[in-house]
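K.L.:
quick one: sequence plus predicted model below, questions after.
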Amino acid sequence: MLCGVTAGAWLGAAEAPTKLVTLGLSPVLISLSMVIGVFLARWTIPALIQGTSYVAADLRQAPHLIVWAVLAGCLWAVANTLTIFAVRDVGLSIAFPLWNSNSLLGIIWGIVFFRELRGADSRRWFGVIGGALLMFAGGTALAAASAAQVPAKDAMRGVAAALAAGALWGTMYIPYRKAYLTGMSPLSFITFFTVGELGMMTALALTYSGGPTQLWGELSGAKHVLFWLLAGGFVWVVGDLFQQYAVKYAGITRGIPLSNTNQLWGLLWGILVFGELRGASHSVLTQVIGGSLVMAVGAGIIALSSVSPSEHQRWEEAAADEARRYRVDPEYTRARIAGEDAGGKRKRTWVDWLVVGVATATIIGFALVARPPQIALHGGWAAILVLATLGMLAVAASSLWRATRFN
């Protein structure tokens, strides 16, 4: 639960740099720049915490998961690009809850493919399904509010982009769950996940911009703000990592709704820091805030429907099926699904420090040429939200380390 809620805070903060779309930057350029930051972070964080040798040991046990990780990364890249279009057309505070419809789809996949909620009592079924319906109702209210704020054409386009992103992200959780039922560490999974992200995003950017020459020209013209987008990618990775631990230990049906509390953080960033909805009518404010709160209540109800021992036994059966299907050592799967080490060795070599050094030098290089973007924001509220986000990180990371050593 701590991982899920912390993921919501960091995933919400990571979307703040997408406001640069209001400066006229291409949504695809923004998404590509964020994905470059994501790529650097997804290799750096595992290298610092457990070392690339640990990642290699995981892959020797379950090499088939490389394909699933790359596929998940491709889905993420397309969905992330769609969110930029949604922010451009309907704003951050409205687009957020719409693409969080991924909770609904994730719940379906968890039940259908991974035996989640099997063996659960009626109270837990009612909590998860009832919470999902509340989240849908809140999203409907926000969609109606979006139509009142922007021209009809832009509103429909933004709503469609946000909902499409939700569908892709909801499907992306199938590879997540397969990996963690098999026993792979989230730190290992994200390392290859990002190969699909960067590859797909580069292909999208080249196609959308008209070729490598045009894309390089756009990147060169935006060099003064690229640092902020790279930083946004780093923040996203922290949130996504906690989301993956939530999926591993609470399942799709609980972990994803918990991490989708990012809708409230997105609302706070949009309204308090960037002044979205300033001057909006009372009815529109009521719809946006009320819809977000209803969705948050739905997520809370789902989170309180904890996994019962009988349901967890069904998870173990599903994990055993995955191990047999891909010929994975059953002892490795049993230990890892319980958060144990399963014989993995944590050591850092010169390769790890090279990865960290290259990523650090890249970030510093972009920081040296960065300029503050000319976007109106409330610095006091931004500082408060940043401090709250860092505080949640400290609590969740220390708890996760004590419980599983980040396994």
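P.N.:
Yep, that arrived. Residues are numbered from 1 along each chain as shown.
K.L.:
next, count neighbours for the spatially closest residue to Leu71 that is not a sequence neighbour.
P.N.:
Nearest residue to Leu71, sequence neighbours excluded (CB to CB, 6 or more residues apart in numbering): Pro175, at 5.8 Å. For every residue, glycine as well, the C-beta is placed using N, CA and C. By other CB atoms under 10 Å, 21 other residues sit near Pro175.
K.L.:
for Met1, same thing?
P.N.:
Using other CB under 10 Å, Met1 has 16 neighbouring residues.
K.L.:
Trp43 now?
P.N.:
For Trp43, the neighbour count with other CB under 10 Å is 22.
K.L.:
and what of the one 3 residues further on?
P.N.:
Using other CB under 10 Å, Pro46 has 25 other residues around it.
K.L.:
that one against Phe189, yeah?
P.N.:
No. If you go by CB atoms under 8 Å, Pro46 and Phe189 don't touch, sitting 9.5 Å apart.
K.L.:
re the thing from before, give me the element the residue nearest to Leu71 is part of.
P.N.:
helix 152-182 (DSSP states H and E).
K.L.:
now Thr171. Nearest residue, chain neighbours left out?
P.N.:
The shortest distance from Thr171 to any non-neighbouring residue, by CB to CB, 6+ apart, is to Leu75 (6.1 Å).
K.L.:
who are the packing partners of the helix or strand containing the one you found?
P.N.:
For Leu75, the element it lies in under DSSP H and E is helix 65-90. Using 3 or more CB pairs under 8 Å, 6 or more residues apart in numbering; DSSP states H and E, the elements in contact with helix 65-90 are helix 27-49, helix 92-99, helix 152-182, helix 186-209.
K.L.:
mean pLDDT lowest where, among those helices?
P.N.:
Comparing mean pLDDT across the helices and strands packed on helix 65-90, the weakest is helix 92-99, with a mean of 72.
K.L.:
now it and helix 65-90, what's the angle there?
P.N.:
If you take axes from the mean of the first three to the mean of the last three CA atoms, to 10 degrees, helix 92-99 sits at 140 degrees to helix 65-90.
K.L.:
avg pLDDT for whichever helix or strand comes after helix 92-99?
P.N.:
Remark: after helix 92-99, the chain's next helix or strand is helix 102-114, criterion DSSP H and E. Taken as a whole, helix 102-114 carries a mean pLDDT of 85.
K.L.:
on contacts alone, who are the packing partners of helix 102-114?
P.N.:
Packed against helix 102-114 by the contact rule (3+ CB pairs under 8 Å, 6+ apart) you find helix 122-149, helix 152-182, helix 252-259.
K.L.:
give the buried residues for it.
P.N.:
If you call a residue buried by 16 or more other CB atoms under 10 Å, then helix 102-114 has these buried ones: Asn102, Ser103, Leu104, Leu105, Gly106, Ile107, Trp109, Gly110, Ile111, Phe114.
K.L.:
and the residues you listed as TSV, adding distance to Trp401?
P.N.:
Formatted as TSV, the buried residues of helix 102-114 follow (distance: CB to CB, whole Å):
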residue	distance to Trp401
Asn102	28
Ser103	27
Leu104	32
Leu105	32
Gly106	26
Ile107	29
Trp109	29
Gly110	27
Ile111	31
Phe114	26
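K.L.:
distance check, Val288 against Leu377.
P.N.:
Counting by CB to CB, to the nearest Å, the separation of Val288 from Leu377 is 19 Å.
K.L.:
so Met172 touches Ala72, yeah?
P.N.:
Yes. The pair Met172 / Ala72 is scored as a contact, 4.9 Å apart, by CB under 8 Å.
K.L.:
mind checking which of those two has more residues around it?
P.N.:
Neighbour comparison, Met172 and Ala72: the larger count goes to Ala72, with 27 against 22 (by other CB under 10 Å).
K.L.:
how close does the more buried one sit to Thr333?
P.N.:
19 Å.
K.L.:
run through this structure and note the low-pLDDT ranges.
P.N.:
Counting by pLDDT under 70, the chain has low-confidence residues at 18-23, 92-93, 142-154, 341-346.
K.L.:
tell me if I'm right that Ala72 and Phe192 touch.
P.N.:
No. Using CB under 8 Å, Ala72 makes no contact with Phe192, being 9.1 Å away.
K.L.:
surely Trp194 meets Val70?
P.N.:
In this structure residue 194 is Thr, not Trp. No. Taking contacts as CB under 8 Å, Thr194 lies outside contact range of Val70: 9.2 Å.
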